[in-house]
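# model this:
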Amino acid sequence: MNCAIKAVFFDIGNVLLNFDPQAVLREIAGVLGRPPRQVARFFEKPGRIEALERGELSIEGLYHIFREDLGYQGSYPHFKRLWCDHFTLDRRTAAMLKEVAGRLPVYLLSNTNALHYEFIRARYAFTRHVRGAVLSHEIGMRKPEPRIYAAALKLACLKNPGQALFIDDLKPNIAAARRAGLQAILYRGPEDLRCRLRTLGVLG
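So this is what the prediction gives:
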């Protein structure tokens, strides 16, 4: 890690916005009146989440599957609230993103879906401090696929991967970024992140 960093990429989920998948599952199961394990099997169906995050399955399509497979009776607006309203902002990490953005170009790099990102962009100010975003549902690829890191470098106009720093909470995504030549930090909380960013000279 000896290249000067020219751009920083933040993951969203459980870096900038915290969420508990099991709590979300219990909430959805409660609305449906079904056991959480039954709802978990719905999401665990091979390719379902991948298709959603690649943009191959629309939110409208997921809503119809919810109705057909799980017997969901709510309206589409209610479904959208159920699907989105479970994030909690990590204020310290979001403030750090803003601080970094005052020194270097900052971008988002996230596996997400169209409705989540629409919700996030409308509600959270950190999206206004980034130069752009590499989002799985927009480009049809997901972390840890090598191509998504190439797309990130292209967005930042970096020919040297070592000049990019990537922050994520999942080890496979970090390992893939490093294989692609990026510098990478496994997120372990805001205090650890600040220390590591100072070590790399990203923050003073």
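# contacting residues for residue 100?
Counting by CB atoms under 8 Å, 6 or more residues apart in numbering, residue 100 makes contact with 8, 106, 197, 202-203. Quick note: C-beta positions are derived from backbone N, CA and C, even for glycine.
# give me the number of residues near the residue nearest to residue 125 when sequence neighbours are not counted?
Nearest non-adjacent residue to residue 125, counting by CB to CB, 6 or more residues apart in numbering: residue 94, 7.4 Å away. Neighbour count of residue 94, defined by other CB atoms under 10 Å: 20.
# what pLDDT is listed against residue 94?
What the model reports as pLDDT for residue 94 is 98.
# residue 107: what secondary structure?
Recorded secondary structure, residue 107: strand (DSSP: H, G, I helix; E, B strand; the rest coil).
# neighbours around it, how many?
Residue 107 has 20 neighbours, counted by other CB under 10 Å.
# for the one 4 residues further on, same thing?
Around residue 111 sit 25 other residues, with neighbours defined as other CB under 10 Å.
# spatially nearest residue to it (excluding sequence neighbours)?
residue 136 (4.4 Å).
# ok now do the one you found, which residues does it touch?
Contact analysis of residue 136 by CB under 8 Å, 6+ apart lists 53-55, 110-113, 142-143, 148.
# where does the protein dip in pLDDT?
1-2 (pLDDT under 70).
# domains of it?
If you go by automatic domain parsing, the domain ranges for the chain are 7-18+87-199, 21-84.
# show me what contacts residue 31?
Residues near residue 31 by CB under 8 Å, 6+ apart: 72, 74, 82.
# just checking, residue 126 touches residue 16?
Yes - counting by CB atoms under 8 Å, residue 16 is a contact partner of residue 126 at 5.8 Å.
# any shared contact partners between the two?
Shared contacts of residue 126 and residue 16, defined by CB under 8 Å, 6+ apart, comprise 94, 97.
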